[in-house]
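Colleague: Starting from these lines, generate the structure:
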Amino acid sequence: MKNKLIYLLLGISFMFLISACGRKEEETLEKGEYYIYYLNSSGTELSKVKYEAQSAERDELIDELVTEMMNVPGDKEVVSALDDKVAYERHELREDVVYLYFDSNYSLMKPYKEILTRKAIANTLERVKGIKFIGIYVDEQPLVDISGEVVPLFSSSDFIDGITNVNAYQKVKLKLYFASESGESLVEEDRSLFYDINTPLEKLVLEQLIQGPNSKNAKATIPADTGIINTYIDENICYINFDDAFLKQNLGVREDVAIYSIVNSILEINTINKVKILVNGSSNVMYRDMLNLDTVFERNLDYLEKD
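Modeller: Just a heads-up that it's a prediction; the model follows:
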């Protein structure tokens, strides 16, 4: 128990240190301004450069932004996310999906760099109105991954930030549980994304839950401003330490449904058997004055919405 308390105190201290030293002012973009995403000089992570677009019409804007990704500014220590030999050919819009067409040289990029390239493309195009997803064609055929499977449509939310080592970037499939429209039961959502394997998988699951569901027929169960102070696993029990924003859930979701959204999602990780939830290092908490958190939670699929 003493060791657990030390872990929690260290996690809280580290959170405040990060907040004090690592906070950055987010630059505001004016109308017509976008970020073009390149790679840093070592080619291991993304670097953005503000760009003022000449085009306002959507079709022209897409071509301009993708082309600009290949034009590296001389005064910045960045390189193009696309290899020099890759040629961008055109795009096609189909409702809220844009398909980008490249020549055969695109498929010659190293797999890990190609993943960063997709992230750079998604981030560059995310402010273009009316685009939700992106698809890539290579030599007139859908892009396939190293296993030969067609790469699905993607968006910027499919990629986790904070990549420091491109070789540690891998794909994971998650099963998440969100609240139903009524807030009285749970619904499943499968999600595939790329992440840094240095990020604990349980933390990744929580971040995705906080981000909320992709489906319009589901509700988030954790407030968007909730902070994850730390997580750790001891004897197959996952300890989750939230800040007090977690207690302010006002999403129209029943209290026990919200808790089992977290528990069931975390227990999809096969190395974890139980979940303990803390707030600011304490489990002696009543969740919204309704549910005592001073217990160890186990999987409960009885909350799943019945067909």
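Colleague: what comes up buried for the helix or strand that Arg90 is a member of?
Modeller: Using DSSP states H and E, Arg90 sits in strand 88-94. Residues 88, 91 are the ones in strand 88-94 that count as buried (16 or more other Cβ atoms under 10 Å). For glycine as for every other residue, the C-beta is placed from the backbone atoms N, C-alpha and C.
Colleague: Equivalent analysis for stretch 143-158, please.
Modeller: 143, 151, 154-156, 158.
Colleague: which two of those lie the greatest distance from each other?
Modeller: Leu143 and Ser156 (17.1 Å; Cβ to Cβ).
Colleague: Give me the domain ranges for this protein.
Modeller: Domain segmentation of the chain under automatic domain parsing yields 33-158, 171-303.
Colleague: want to throw those into CSV with mean pLDDT?
Modeller: As requested, those are exported to CSV (pLDDT from 0 to 100):
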stretch, mean pLDDT
domain 33-158, 91
domain 171-303, 92
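Colleague: so how far is the strand holding Arg90 from its chain's centroid?
Modeller: Centroid separation between strand 88-94 and its chain, computed with Cα atoms, centre = their mean, to the nearest Å, is 26 Å.
Colleague: Which elements pack onto that strand?
Modeller: For strand 88-94, the packing partners by 3 or more Cβ pairs under 8 Å, 6 or more residues apart in numbering; DSSP states H and E come out as helix 58-68, strand 97-102.
Colleague: rerun at 10 Å
Modeller: Helices and strands touching strand 88-94, as assessed by 3 or more Cβ pairs under 10 Å, 6 or more residues apart in numbering; DSSP states H and E, comprise helix 58-68, strand 97-102, strand 133-138.
Colleague: Let me have those in CSV, adding distance to Ala179 as columns.
Modeller: Listed next are the helices and strands packed on strand 88-94 as CSV, based on distance: least, Cβ to Cβ, whole Å:
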stretch, distance to Ala179
helix 58-68, 35
strand 97-102, 28
strand 133-138, 24
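Colleague: just so I know, which of these lies nearest Leu278?
Modeller: Comparing these by Cβ to Cβ, strand 133-138 comes nearest, at 37.1 Å.
Colleague: Would you map the helices across the stretch 151-300 of the chain?
Modeller: 201-211, 255-266 (DSSP state H, counting those that start in this stretch).
Colleague: The last one to helix 201-211, inter-axis angle?
Modeller: Going by axes from the mean of the first three to the mean of the last three Cα atoms, to 10 degrees, helix 255-266 is angled at 140 degrees with respect to helix 201-211.
Colleague: May I see the buried residues of helix 255-266?
Modeller: For helix 255-266, the neighbour count (16+ other Cβ under 10 Å) marks 255, 257-266 as buried.
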